[in-house]
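J.: Pasting a predicted model and its sequence here:
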Amino acid sequence: MDKKERWELTWTLTVIVLFAFVIVSTFPLDFVVGGVPSVISELNGVPSQKIIQTHITSYQYLFKINESGAILSNELGMPFYYNLIVAHPGEFLNISMTSADVTSNFYFADYADKVVTDQIVPGLVEYDVLPVPNITGAYAFLGGEYNGPWYSYQTGLLISLPYSGYFTSGNISKYISQTQIAYTSALKGDPYNPPIVQYTSVSNPTVILVGDQYGVFNKTIPGPTIVVNHGSTVTLSMYMPLPNDERNYLYNYSASGTPYPVTDIKIGVYAIWWNGTITLVSEQPIHYNTYQTFSFNSTAPAYVYGIITPVYYNYNPSNLSGTYGSLIGFDKGYIMGAWGVILVEGN
Amino acid sequence: MSLKDLIMALFQLDKDWTTRIVMAMLVMSVVWGLLGVVDSLMVRIQETFWGTYGILPLTSQEYYAGITLHAERDLFGFAQQLIYAIFIYFTIKLLNLQPRAKWLLSLSFILINISMMFMEGPIVAYPTFNDNYFTATSWYYLSPIGLPDFSQYVASPLFFIGWIMLDAFTYLAGVWIVYHYYIASKQLKEKLPVPLVFFLMNTLLFMIGYSGVTAADIWDILAYYHVVGLDVIANQIAFWIFGHAIVYMAWLPAVGALYLLIPTLANKPLFSDRMGRISALLYLIFSNNVPIHHLYMVNLPVPIKILQEVLTYAVVVPSMMTFLNLWATVKGANVNFNVITAFTATSFAGAIAAGVTGIANATIAFDSIIHNSMWVPGHFHAMILLSIVPAAMAVLYFMIPMMSGRQWFSGKMAWTHFVGYVTGSILLIMGMELEGMEGLIRRAEIFPRIPSLIFAENLATVGAIIAQLATLVWFLNLVATLVKGRPVNLEGMSVGSLINTVAMSLDLSSSKLSFNNFKKIGKTMNSKALGTDWVLGIIGSLIIIASTFPLAFSGNTYDSFIWAWIILLTIGIILISYPVLKGAKSL
């Protein structure tokens, strides 16, 4: 073997040794990532009362979430939530995931706690375990795999809710601080958390949320997270301009291909209770170009506001999809864009 | 100059038929490339406007169609067509062959360019102009998106038919190239030079890699019309056989170009000819059987994921061998700095910089953090923009004068192109990687309007615009060269002499040049029999086709079918790799 060949061999073997080191050192992690059933080992030693059995069904373009155990999902009498997960700090979500249509992904990007990303492939079941953040607050999760033109709207919130009572000011401060850091620095928190607006210095705040031409509040999906004091009378005023172009999921098409703004939907305020039940506070049919005002006394630990049920969308200008069918294509789906949460601070 | 003269100059209609077809492929690849650049600009505009102003200038359909068509046009219409054109040209010119089967090459050329039109999907001109039915499936299509009854968003079947046409191009043109290597192998008295080994190996890689997507395409179109059902995960695994291999299909021509250019520009023989050949063999064996590393975050058996991790690392080994080989070749050489050298050096350095992030991505644990984030497009854009395209440019800078017999119109424009392109590409990639580190998912049209992301998006957009303007300068220089470039007699010159002669006109310092005589290959004997090596290659192809059946029957993959699939696929690849390369006098 000449000198040149020794160089070649040494170099190649060095590379192989380095790779072997990486493979061996990361080997244990391979069994707790990627949606495999063995992730259940992360729940070893966790008391059963701390575990929430969670099933996520992905649709174009939303998540439907069933919870049982420490939390029982119940949204206005239905046994599931749309784009919401409710849990308490220190609990664990034992998650299974399926898709109702195309390939999707569940992505929880909280770099301060744990990043979860699982591909949800039709025909398969994905598994994961998600520890609920110890700092109470609203944490974003989203569809991380492109699944159609309204993909960006598939965003939800995990609400880490106090077991009892309200969000403490100390916890709110930590939550805001962590979120602000995530906005400016990489790998520090959940950058997808909506902007947080505090009304805690006002005893009876008036909160104004203005929709834009894309059918979202304040240019964020979900809308801003509002913080108010416990026991205050909150006046929530929501304004949605008349949808008038194709960039708005509230601008729909009739079977004959005529565009129209969606009107058979409701906008309102809904209370989220400690056991996970969501109940109606107040709602109205949507009226565009009008401030729709809701007043309530903040007695629940959290609220969800806006249009909290999905809007069916069907793109069909000049009845092109109706006339030519799949030859030209379809663009349909269920979309939520104008919604957000209110956290109630108290001692 | 009349229009006729312009067309004559652009398409080199006064040359032999191989040159004419190759030139037509080059022209069409540039056309698709520029259209793809416009698509990418639409994407950048949408993201920058959303981040900076909270405005979406385009509809979601237009934005996602922009992403889809940017990829289809730039990756296939431009890159693949350009790569094939280069392979075809050098196969004939360097092997000194009399080309055959003109009809096959002409048909292939037509197919790839029609496929690009089909992939666009329909544009409605009447009663109201509407391009919102453009295909919007992301760069590929992750089955079952776009299929009726599986997906709420349904793409036109033209998109899938376009894919099948692209598959047909790959095989017809691939067979044409391999056939000519076969003819050459019967006449050669010596081994093929390493760059040609890479060109042959890469053609085989295309044909093996496309087996997966061809199976997926046929399955999808049958499912589209409800002829058969669909096992989504099997379909996706089949697709990713291609989806990963495309990275190497696109990059290995650059490696082949580096094996040609670096010894030539350094005026030194390759450090290790044997290591170059072994690298080519290892690339071919390990590039096509790692689809599951794109599916690490899917509930598939952990042992097969770990096997894929090991096999993915294995494909890095020939890269490391190549880097040592090329670095050792150029070490101590007195290299003149010209545009060709500059692009060659950029391609070499860019491959290392971009490749490192690829190694990280191949690790299951790391992928669980960055999966689907902008980090991933950052990685492959770095690979494309800092390694693949620079190598292609280095080749084009000597290939255009070689084909047209004209020197580049302007050296200054060439340098403007280099500086602008590299600067812009680096800024674009930095922006994408910053977005990825911030956790931004790829294809995020509406994203948090936070300072770090707004900065990264704008940085990427500024970089893209600089790189695109620089590419426009290159395009203008190209047209001016074909029309008004100074005539130069390069006939009969060896490739090494030709490269250095062209490089001299693009030299920064105008220093004296050295020449490396990379001569055309000699020929002696002629045998018509199909040897054992080639027969084994054909058997390997049949085994690869057979491997799709256990994959299709693998259900949720927690069964023995998935292992039968990977074993058969690997055996098929090995049967093609070693015997065919040996039969073609490459090893």
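T.: Received, thanks. Numbering: from 1, shown residues only, chains lettered A, B, ... in the order given.

J.: I'd like the next helix or strand past the helix or strand B:Thr344 falls within.
T.: Applying DSSP states H and E as the criterion places B:Thr344 in helix B:339-361. Counting by DSSP H and E, the next helix or strand C-terminal to helix B:339-361 is helix B:364-370.

J.: Mind giving me the packing neighbours of that following helix?
T.: helix A:3-26, strand A:115-120, helix B:302-330, helix B:339-361 (3 or more C-beta pairs under 8 Å, 6 or more residues apart in numbering or on different chains; DSSP states H and E). No exception for glycine: its C-beta is placed from N, CA and C like everyone else's.

J.: Just name the most buried of the ones you listed.
T.: Highest mean neighbour count among those (mean count of other C-beta atoms under 10 Å in any protein chain shown): strand A:115-120, with a mean of 26.

J.: Where does pLDDT dip in the stretch 1-150 of chain A?
T.: For the stretch 1-150 of chain A, the stretches flagged by pLDDT under 70 are A:1.

J.: Strands of that one, residue ranges please.
T.: Under the criterion DSSP state E, counting those that start in this stretch, strands of the stretch 1-150 of chain A are mapped to A:51-59, A:62-69, A:74-75, A:81-82, A:84-87, A:92-99, A:104-109, A:115-120, A:126-131, A:137-143.

J.: Which one of those strands lies nearest to B:Leu542?
T.: Proximity to B:Leu542, assessed across these by C-beta to C-beta, is greatest for strand A:115-120 (32.0 Å).

J.: which strands and helices sit next to the closest one?
T.: strand A:92-99, strand A:104-109, strand A:126-131, helix B:364-370.

J.: Reformat the ones you listed as TSV; add mean neighbour count and distance to B:Pro148.
T.: Rendered in TSV, the data for these read as follows (neighbours: other C-beta atoms under 10 Å in any protein chain shown; distance: least, C-beta to C-beta, whole Å):
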stretch	mean neighbour count	distance to B:Pro148
strand A:92-99	21	17
strand A:104-109	27	18
strand A:126-131	22	25
helix B:364-370	21	32
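
J.: mind checking which helix or strand the residue nearest the centre of chain A is in?
T.: What sits nearest the mean C-alpha location of chain A, by C-alpha atoms, centre = their mean, is A:Gly156, with 1.2 Å. For A:Gly156, the element it lies in under DSSP H and E is strand A:155-160.

J.: ok, and the closest non-adjacent residue to B:Phe129?
T.: Take B:Phe129 and drop its neighbours on the chain: the residue closest to it by C-beta to C-beta, 6 or more residues apart in numbering or on different chains is B:Ile123, 7.8 Å away.

J.: coming back round to it: which residues are contacting the strand holding A:Gly156?
T.: The contact list for strand A:155-160 (C-beta atoms under 8 Å, 6 or more residues apart in numbering or on different chains) reads A:62-63, A:65, A:83-89, A:108, A:130, A:132-143, A:192, A:194, A:221-222, A:225, A:272, A:302, A:341.

J.: Which one of the helices and strands packed on helix B:364-370 lies nearest to B:Glu438?
T.: strand A:115-120 (12.5 Å).

J.: and the strand holding A:Gly156 with strand A:62-69, angle?
T.: 20 degrees (axes from the mean of the first three to the mean of the last three C-alpha atoms, to 10 degrees).

J.: now strand A:155-160: mean pLDDT?
T.: Across strand A:155-160, pLDDT averages out at 98.

J.: could you dump that strand to PDB, C-alpha only?
T.: Taking C-alpha atoms only, strand A:155-160 is exported to PDB below (Å, rounded to 0.1, in the frame of the first residue of the first chain):
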ATOM      1  CA  THR A 155     -53.100  26.700  13.200                       C
ATOM      2  CA  GLY A 156     -54.300  25.900  16.700                       C
ATOM      3  CA  LEU A 157     -53.600  26.800  20.300                       C
ATOM      4  CA  LEU A 158     -52.800  24.600  23.200                       C
ATOM      5  CA  ILE A 159     -54.100  26.300  26.300                       C
ATOM      6  CA  SER A 160     -52.200  25.500  29.400                       C
END
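
J.: what's the spacing between that strand and its chain's center?
T.: 5 Å (C-alpha atoms, centre = their mean, to the nearest Å).

J.: which neighbours does it have in its sheet, and in what orientation?
T.: strand A:84-87 (parallel), strand A:137-143 (antiparallel) (DSSP bridges).

J.: re earlier: so who does the residue nearest to B:Phe129 touch?
T.: B:Phe129, B:Asn130, B:Asp131, B:Tyr133, B:Phe134.

J.: Could you list every helix and strand in contact with the helix holding B:Thr344?
T.: helix B:232-266, helix B:302-330, helix B:364-370, helix B:375-383, helix B:389-404, helix B:411-437, helix B:495-505.

J.: where's the first one relative to the chain centroid, distance-wise?
T.: By that I understand helix B:232-266. For helix B:232-266, the distance to the chain centre is 6 Å (C-alpha atoms, centre = their mean).
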